[in-house]
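>>> with the sequence up front, the predicted model follows.
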Amino acid sequence: MRYNYIAIEGNIGAGKTTLATRISGIYNGKLILEQFEDNPFLAKFYENQEKYAFALELSFLAERYQQLKTELSNQDLFSDFTISDYFLNKSLIFARKTLNDDEYHLFMTLFNIMNANLPRPDLLVHLYASTERLQRNIKHRGREYEQRIADEYLDKIQDSYFNYLRQQPQLRVLVLDINAIDFVAYSSHLEMVLEAIDQEYPRGITRIRLGVDAP
């Protein structure tokens, strides 16, 4: 891989962790995976979003910052690059859709203090999948607390991602439309994704729709 630090992003169920893990194994990358399942507020949030939104977003921010600060500051002599299945800015993206204005402004103040101490990814890969595709993936992986996620919530998060990315011209962003492929099931589709990622891109947003006629 030509980039030293790659972050894979996307909506819930887009395949971020799977893709980051595959890339790490194929190209000898240091892998950073978000430890979200240990968050004590996550299941409660899906039951009562208004009550637990601020606690959830604040705890995610603290956990993500601490993990990235530790992992990115420790050089791994046995890895050729670093790849993660998230970047800290996703905290703002989710918080914008789950918090009220007063909570969000306080949250953003804390975020800016933390974010100033972290390096930015050399390439941010955003996996775009339709809400229907996301719901199929969510049901397939079978996490009980995710089964009641509404289409409207996924739509809001996707809109928030796109609105945020359009306002970050300093980032190098690759948006991959993966609706027509299945890189988990087919190695040829995975190769297509890898080829798209391992290219030189300018700063700003580059959009690629990946498609095939047959597996």
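It's in. It should be emphasised that the depicted structure is a prediction, and the values quoted were computed from it without experimental measurement.

>>> and Arg166, what does it touch?
Residues near Arg166 by Cβ atoms under 8 Å, 6 or more residues apart in numbering: Ile205. All C-beta atoms are positioned from the backbone trio N, CA, C, and that covers glycine.

>>> how near is it to Glu57?
According to Cβ to Cβ, to the nearest Å, Arg166 and Glu57 sit 22 Å apart.

>>> can you check Arg22 too?
29 Å.

>>> over to Val193?
30 Å.

>>> just want to know which of those two has more residues nearby.
Glu57 (25 against 21; other Cβ atoms under 10 Å).

>>> ok, that one touching Leu99?
Yes - using Cβ atoms under 8 Å, Glu57 is in contact with Leu99, at 6.3 Å.

>>> identify the contacts common to these two.
Phe107.

>>> in the protein, which helix or strand is least confident?
Here the helix or strand of the chain ranked lowest by mean pLDDT, DSSP states H and E is helix 42-47, holding a mean of 86.

>>> packing partners of that one?
Contact partners of helix 42-47 among helices and strands, from 3 or more Cβ pairs under 8 Å, 6 or more residues apart in numbering; DSSP states H and E: helix 49-73.

>>> ok, how many other residues are close to Arg207?
Arg207: 11 surrounding residues under other Cβ under 10 Å.

>>> can you check Ile149 too?
Under the neighbour criterion other Cβ under 10 Å, Ile149 is assigned a count of 18.

>>> if I look at it, how far off is His189?
25 Å.

>>> Arg209 reaches Ile181, doesn't it?
No - the pair Arg209 and Ile181 fails to qualify as a contact (Cβ under 8 Å) at a distance of 9.8 Å.

>>> neighbour count: those two, which is higher?
Ile181 (21 against 12).

>>> would you say that one is within a helix?
No - per DSSP: H, G, I helix; E, B strand; the rest coil, Ile181 lies outside any helix segment and is coil.

>>> what sits against it?
Ile181 makes contacts with 189, 192-193, 210-212, as judged by Cβ under 8 Å, 6+ apart.

>>> now it, nearest residue through space, not along the chain?
Spatial nearest neighbour of Ile181, chain neighbours left out: His189 (4.1 Å); criterion: Cβ to Cβ, 6 or more residues apart in numbering.

>>> surely that neighbour and Asp182 touch.
Yes - using Cβ under 8 Å, His189 is in contact with Asp182, at 5.7 Å.

>>> the more surrounded of these two?
Between His189 and Asp182, His189 has the larger neighbour count (other Cβ under 10 Å), namely 19 against 14.

>>> just give me the neighbour total for Gln170.
Neighbour number of Gln170 under other Cβ under 10 Å is 7.

>>> from Asp151, how far out is it?
32 Å.

>>> just to revisit the earlier point, list the buried residues of the least confident helix or strand of the chain.
Using 16 or more other Cβ atoms under 10 Å as the test for burial, helix 42-47 gives 42, 45-46.

>>> could I get that helix in PDB with only the CA atoms?
This file holds the C-alpha atoms of helix 42-47, laid out as PDB (Å, rounded to 0.1, in the frame of the first residue of the first chain):
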ATOM      1  CA  LEU A  42     -24.600   1.100  23.300                       C
ATOM      2  CA  ALA A  43     -27.500  -1.300  23.800                       C
ATOM      3  CA  LYS A  44     -29.200   1.200  26.100                       C
ATOM      4  CA  PHE A  45     -29.000   3.900  23.400                       C
ATOM      5  CA  TYR A  46     -30.800   1.700  20.900                       C
ATOM      6  CA  GLU A  47     -33.600   1.300  23.400                       C
END
